[in-house]
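Below is the sequence, then the predicted model.
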Amino acid sequence: DFPPGPPGVLSFFTLRMQSEPFLSKAIHKLSKEYGPVIGLILLHRKFVCISGRQAAIDALNNPLLLGRPKSFDFSLRTKGLCRGVLMTDGELWKEQRRFTVQHLKDVGIGKSFHEGTILDEITHLVSDIKNLVDSSNSGNIKLENLFTTAVINILWIMVAGTRFQREDPKMEKLASCMNGFMRFSDGGPSVLSFMPPLRFIVPELSGYNKLMGFIAPIRSYVKEEIAEHRRTRQPDSPRDFIDLYLEKLDDDKSSKNSTFDEEQLLGTIFDIFVAGSETTSHTLGFALLFMILHPQIQTKVQQEIDEVLQGRQPSLADRGRLPYTEATLQEIQRLGLVAPLTIPHVAQENTKCQGYAIPKGSVVFINLWAVNNDPDTWPEPTKFLPDRHLNAAGNYVKSELMFNFGLGKRSCIGETLARCSLFLFFTCIMQHFRFESPNINDESFVDEALRPSLEPIPGLSLAPRPCIARVSQRLVY
Ligand code: HEM
């Protein structure tokens, strides 16, 4: 009953031969031939690729598919140990995920404090963009990592209680290492992951040196921060997630079976940044690209924001009052999908999906890109149509048909934070600035490759390409 797919013990490579820029599209292409559940083999390893919406829902809610593959690449961030939340499973994962979810709430997620933190970061960002606009004669500005500092700061304030200034060299290093790590693989098994001993034989060619070049600076920065917290913390008055974790380490000192240790803390912080920073900032990057390429839709969003907010700063309470803006943001997330595959799942026991057998140990790829581009659900799926998320009365309808944050027990722990951040950033930026295609006659426009394009840069998450855009400040009234 193993799902249908190309024959042979190396059939996994068929995915790599689809001449598609990223894995989710290659899986989608194969699914046209073999159906929504495909079986692939790579020597002794079995892979199941799921593309259909119902098959994806079934798989994400299946309690026997909660495992993660042992990823050599990821384990390098915690000295070869299986730590953190993203790539662990079993009891360790359950306990660490529960602690992380609970204590991220304690330090802000879902509270008014967290809205204030996001709005503070947006205020800094608006002032940075104004400076960029003022210093450009033609209005042409390079849009590249515009949101990175603000998004990292929101996470860093919860985790370590501090924020970075824009262009702080430490922050720039951290962001570029994170970006390098995210671009190292596309979510499929890397050569290094498949044959770890290659790092001793060909450390350069296997990518090991490159990967460690990204991981080592992040590790050492987080370690320093933990050491600083140890020195300065006041027991019983935790300032942030690191203090709360150190408190737990004290409490568990005498427990032999505790899954809490410093390497685990480091892995969890790494995971929060890997999973939380690029996903959010790249969604916002795609938002600007969609607005540049659909100027009439941008105008409608801005008219609604002006009419409803009358020049004041938005708040989360405005969510029900800006239906067109919310519909546009949902359409941006449908087509500007930054995580086109979930993180791979693993069958912890023999199980089934849509009647097909998934043997214990199989790695399961769940294709969210296919869900968001399914023509049966979304007529003319490639068209950018915010109106499809409005009902007959013109109210915004939060879609049950897409699940960009996953579903079930392994779903994203940062969904609330991400949704709040996306709404506040998008609304504020649309309120203050107009984004248009670049003035190509200006001397600052030197490179055709910098024309706004929606073709993403592949990687663990998809990233928007840097581009030049004409940005102008709007009168906020
Ligand atoms: C637009 C923003 C985001 C998107 C689209 C997104 C999407 C996802 C997806 C698809 C998964 C995998 C679900 C699965 O494997 O079935 C995931 C997992 C995860 N996300 Fe997010 N995410 C976003 C933001 C965040 C933020 C802000 C955080 C930080 C708090 C975060 C932390 C995590 C963690 C730790 C996991 C692993 C959960 C686990 O394995 O148990 N994410 N996310």
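Now that the structure is in, tell me what you want to look at.

middle-most residue in the chain, spatially?
In the chain, the residue lying closest to the centroid (C-alpha atoms, centre = their mean) is residue 279, at 2.4 Å.

Shouldn't it be within a helix?
Yes. With DSSP: H, G, I helix; E, B strand; the rest coil as the criterion, residue 279 is assigned to a helix.

low-scoring stretches of the stretch 51-200 of the chain, by residue?
Applying pLDDT under 70 to the stretch 51-200 of the chain flags the ranges 110-113.

Could you pull up the residues touching the residue of the chain found nearest the ligand?
Closest residue of the chain to the ligand, C-beta to the nearest ligand atom: residue 414 (2.2 Å). No exception for glycine: its C-beta is placed from N, CA and C like everyone else's. For residue 414, the contacting residues are 104, 109, 272, 275-276, 279-280, by C-beta atoms under 8 Å, 6 or more residues apart in numbering.

What backbone torsions are found at it?
Here is the backbone geometry of residue 414 (degrees, to the nearest 10): phi -110, psi 20.

what's the answer for residue 353, then?
phi -140, psi 120.

That one against residue 56, yeah?
No. Taking contacts as C-beta atoms under 8 Å, residue 353 lies outside contact range of residue 56: 9.3 Å.

anything in contact with each of those two?
With C-beta under 8 Å, 6+ apart, residue 353 and residue 56 have common neighbours residue 50.

For the residue nearest to the centre of the chain, which non-adjacent residue is closest in space?
residue 338 (5.0 Å; C-beta to C-beta, 6 or more residues apart in numbering).

secondary structure class for that neighbour?
coil.

What of residue 188?
Following three-state DSSP, the label given to residue 188 is coil.

Any figure for the gap between it and residue 86?
In this view, residue 188 and residue 86 are 16 Å apart by C-beta to C-beta, to the nearest Å.

Can you show me the strands along the stretch 1-150 of the chain?
37-42, 45-50, 140-143 (DSSP state E, counting those that start in this stretch).

Which residues does the second one contact?
What it means is strand 45-50. 2-3, 12, 15, 27, 30-31, 36-41, 56, 59, 189, 347, 353, 356, 358-359, 361-367.

sorry, back to before: which residues touch the residue nearest to the centre of the chain?
338-339, 414, 418, 461.

do stretch 83-97 and the ligand meet at all?
Yes. Judged by C-beta under 6 Å from any ligand atom, stretch 83-97 comes into contact with the ligand at 85-86, 97.

err, stretch 325-332, not the other one
No. Stretch 325-332 stays clear of the ligand (C-beta under 6 Å from any ligand atom), getting no nearer than 10.3 Å.

Those residues of this protein touching the ligand, which are they?
60, 85-86, 97, 271-272, 275-276, 279-280, 283, 338-339, 342-343, 404-406, 410-414, 417-418.

of the residues you listed, buried ones?
Applying 16 or more other C-beta atoms under 10 Å to the residues of the chain next to the ligand, the neighbour count classes 60, 85-86, 97, 271-272, 275-276, 279-280, 283, 338-339, 342-343, 404-406, 410, 412-414, 417-418 as buried.

What are the neighbouring residues in contact with residue 188?
Counting by C-beta under 8 Å, 6+ apart, residue 188 makes contact with 15-16, 23, 365.

residues contacting residue 235?
247, 250 are the contacts of residue 235 under C-beta under 8 Å, 6+ apart.

if I look at it, how far off is residue 427?
From residue 235 to residue 427 the distance is 41 Å (C-beta to C-beta).

What of residue 349?
In terms of C-beta to C-beta, residue 349 sits 46 Å off from residue 427.
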